[in-house]
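Peer 1: pasting the structure only:
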């Protein structure tokens, strides 16, 4: 398996633009998580899905952020409009609970810079 | 109070030293526990799972104390390559499978 695939790896955009981050989880994993990491706030859980259904989005900072998981192999995190304070590394991670392993596997992250 | 708390460090130790990290968690119903390692500008990667009976992997030993709600990581004979941030992770079985990370402990091993 290629692991968790995220795109783009790097994005530089201007304030006010829409940003879409993409994630392909490991096949067969039933949970998908979106995290954001900054020096100031560490690793923050934004939202997570179980079997494509959003379970907890209480970590989503505000209405400018939205996430979808239309099927088991794809998820998006959208920021519209983007602001400089959204600059961070956004990680997607998936987990296989059904096998009992319960181990999170991360993608390489999407580094977002909003000017 | 944060759900998962770690001493942020930094820990600066010489090569060959033994260093220990602790992590406390607030949810007594937490189900599974892990240590992850994160190198600069990289994603977190699993270092080891933590079992109730304690477990060892080479120079690394992890322990769980459910009564006191903490987990620990011991690194013996530290190497320069151990320099990284170490994150503890707690999975909850009462919050629909949520995985919560501590803020991490930074370790620098010096020659």
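Peer 2: Right, received. Where do you want to start? This is a predicted model, so every value here is computed, not measured.
Peer 1: I'd say residue A:80 and residue A:16 touch.
Peer 2: No: judged on Cβ atoms under 8 Å, residue A:80 makes no contact with residue A:16 at a distance of 9.1 Å. All C-beta spots, glycine's among them, are computed from the backbone N, C-alpha and C.
Peer 1: higher neighbour count, the two?
Peer 2: The neighbour comparison of residue A:80 against residue A:16 (other Cβ atoms under 10 Å in any protein chain shown) goes to residue A:80, with 13 against 10.
Peer 1: ok, and the closest non-adjacent residue to the more buried one?
Peer 2: residue A:18 (4.2 Å; Cβ to Cβ, 6 or more residues apart in numbering or on different chains).
Peer 1: pLDDT score for the one you found?
Peer 2: pLDDT recorded at residue A:18 is 97.
Peer 1: show me the contacts for it.
Peer 2: Listed by Cβ atoms under 8 Å, 6 or more residues apart in numbering or on different chains, the contact partners of residue A:18 are A:78-82.
Peer 1: contacting residues for the residue sitting nearest the centre point of chain A?
Peer 2: The centre of chain A sits closest to residue A:34, judged by Cα atoms, centre = their mean, with a distance of 3.1 Å. By Cβ under 8 Å, 6+ apart, residue A:34 lies in contact with A:23, A:45-48, A:67, A:75, A:77, A:90-92.
Peer 1: do that again at 10 Å, thanks
Peer 2: By Cβ atoms under 10 Å, 6 or more residues apart in numbering or on different chains, the contact set of residue A:34 is A:21, A:23, A:44-49, A:57, A:59-60, A:65, A:67, A:69, A:75-77, A:90-93.
Peer 1: Go ahead and confirm residue A:83 touches residue A:15.
Peer 2: Yes: using Cβ atoms under 10 Å as the test, residue A:83 is close enough to residue A:15 to be in contact (5.8 Å).
Peer 1: still on that earlier bit, from the contacts of residue A:18, which is closest to chain B?
Peer 2: Using Cβ to the nearest Cβ, residue A:79 is the member of the contacts of residue A:18 that lies nearest chain B, at 20.0 Å.
Peer 1: Apart from its neighbours in sequence, what residue is nearest the closest one?
Peer 2: With Cβ to Cβ, 6+ apart, the residue lying closest to residue A:79 is residue A:19, at 4.4 Å.
Peer 1: And for residue B:13?
Peer 2: With sequence-adjacent residues excluded and distances taken as Cβ to Cβ, 6+ apart, residue B:13 is closest to residue B:19, at 5.1 Å.
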